[in-house]
Each structure stands twice: as C-alpha cells, then as structure tokens.
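Novice: okay, predicted coordinates and the sequence, questions at the end:
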Amino acid sequence: MTVYAIGDLQGCLDPLQRLLERIDFDPARDRLWFCGDLVNRGPASLATLRFVHALGNAAVSVLGNHDLHLLATAWANNRPQKPRDTLHEILDAPDRMELLEWLRRRPLLHHDAGIGFTMVHAGIPPQWDLEEARSAARELEAALGGDSFIGVLRQMYGERPDRWSPDLEGIDRLRFIVNAFTRMRYVRPDGSLEFEHKGPEIPGDESLTPWFRFPGRRSAGQRIVFGHWSTLGEMTHEGVFSLDTGCVWGGRLTALRLDDRTRHSVECGPGLAPQAR
C-alpha cells in the first residue's frame, strides 16, 4: 500500500483528478491523506466533497478552517457570509445533509504509527507533544460529533485565548484547539498564537516564529504533514512537510508519497478562485 498526502483542494477537482492520474492512484491499492480545506474558493466544491466522500476507506481527511466555515454556515449562519465563498452549491444540494454529517465527523488529527506520520491542517502548537495533540483533537472531535455541536460552531470564532493552558475550560478551551489545528501559522516568543500575518517567513524577524521552528517545540522528532499555508509553498524542516502549494490561487496541487518523501505536482492554472487572496 502506498500513501499519498495531498495539500488543500479548496474545490479544485480537475487538478486533483489530473494529479491522481499522474501518480497512478488505485483505490484498491493506495491510500490518500487530505490535509483539510476540501472546499471553498474553488470552482467545484460540491463535486470535490462528493468525490472525497465516495472514496470511503481509501481516503482520510482532517478538518480545515474552510471546512469548519462550511459547517458553521450550514448550521449556525444559514448562508455564506463572505463574497468569495463558493459554498452555495453544497448548501443547495439534495445530498447536503449526508455530506455535512460526514464532514463534521472528520478528525482534526490523523496519526499512523505504522508509517510514522501525523497529519493536521495547520500545525501542532509548540506546547503539545504528540499525545497531548491527539488528546486535544479527540476533545474537539467529540464536541463536533455530539448533540451540542451547533453551539460549538456558533462560539468557535475568535482569537482569544491565544495561549494554551491546561486549565482552559469550556468554549475557551475548544476555541484554542480549533485555532491551533486549523488557523495557526506564526507563534510569538511567549508561545501565543498570532493570526494576522499570512505571508512566508521573514528572515531575521524574531517577533514571530513559524510554529514548526519554535524553540523547544514538544512535537519535534515527529514526522508531520500539514497544509493551510499557501504562501509558504513547498517546505521541509526536520521532518515537517508543508503541502499547500496554492492550487486555488493558480499555483500547484501537490502530493507527498510518504514512504520515500517524494513530491508530485500538477499545475492548476489561473482563474480558479474568484478573486485574489
């Protein structure tokens, strides 16, 4: 069995199909890991969601911030609120409930001890080792999969608290977990999360550190694949692999073959997203 981890799709089905053809993907033999953000901004969110859902056990996907936005729009806000959203076709689809119920039960973190890789959407905050990250993911997964999930979706947005403490409780605790797994890029020197800057690393800037370079990061030594950070592009740092290469913005869609860490990409072409990021 060959496992490929693939960066953010964001509704770009045609590049995905071309990428799968390039790697000669066979669902009876191979497995796909999707780093979250299956939907939104691209031209085929509904078809992409249906395609990944239909893969069944041949694929695993973690939740990204755009996936959570879809869930919050469907259950907590009724309709998309952002002009660049491309979620209406999902919300109007006859199979919307089947797709949404499946999506809200996707994991925040996927770990395979057999091949020695962990997948998340945005990253793992420096205060957590792998077991703490897995425990935090299970907390949020239980909340999103439970009967009170709409309340969680309504209250998950916000940037506070921005620093982890084991003493956090209730929605504050869940909101930090959401932000850590689906929004994080940079970390301040005190270990708090910073959400404003989305660009690539700035050499010599000590005020902000990418989460994977933070000194003393407790998940160091783990092999981690993540998406979310399209301006970062292809990056490998001490066993951490970034996979969002900006397909929806006219970049590429990238797959990482986990057994030998080789990358395979297809060009996505201009005009997939309705506006510039």
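Specialist: Happy to help now that I have it.
Novice: C-alpha only now, for contacts and for neighbours.
Specialist: OK.
Novice: okay, helices next: where are they in the stretch 1-150 of the chain?
Specialist: 13-22, 45-54, 65-72, 88-91, 96-103, 130-145, 149-155 (DSSP state H, counting those that start in this stretch).
Novice: next one: stretch 152-163 to chain centre, how far?
Specialist: A distance of 17 Å separates the centroid of the chain from that of stretch 152-163, by C-alpha atoms, centre = their mean, to the nearest Å.
Novice: ok, now stretch 198-207?
Specialist: 22 Å.
Novice: likewise stretch 106-121?
Specialist: Remark: stretch 106-121 is offset 12 Å from the chain centroid, using C-alpha atoms, centre = their mean.
Novice: name the residues of it that are buried.
Specialist: By neighbour count on 16 or more other C-alpha atoms under 10 Å, the buried set for stretch 106-121 is 106-110, 117-121.
Novice: ok, of the residues you listed, which one's closest to residue 93?
Specialist: residue 106 (20.0 Å; C-alpha to C-alpha).
Novice: and the closest one, how far from residue 163?
Specialist: As judged by C-alpha to C-alpha, to the nearest Å, residue 106 and residue 163 stand 25 Å apart.
Novice: ok, residue 66 touching residue 45?
Specialist: No - with contact defined as C-alpha atoms under 8 Å, residue 66 does not count as touching residue 45 (10.8 Å).
Novice: tell me which of these two has more neighbours.
Specialist: residue 45 (25 against 22; other C-alpha atoms under 10 Å).
Novice: mind listing what that one touches?
Specialist: The neighbours of residue 45, taking C-alpha atoms under 8 Å, 6 or more residues apart in numbering as the test, are 10-13, 38-39, 86-87, 89-90.
Novice: swap in residue 44?
Specialist: Residues in contact with residue 44 (C-alpha under 8 Å, 6+ apart) are 11-13.
Novice: neighbour-wise, give me the winner out of those residues.
Specialist: Counting neighbours by other C-alpha under 10 Å, residue 11 leads those with 27 neighbours.
Novice: that one touches residue 36, doesn't it?
Specialist: No - applying C-alpha under 8 Å as the test, residue 11 and residue 36 come out as separate, 11.2 Å apart.
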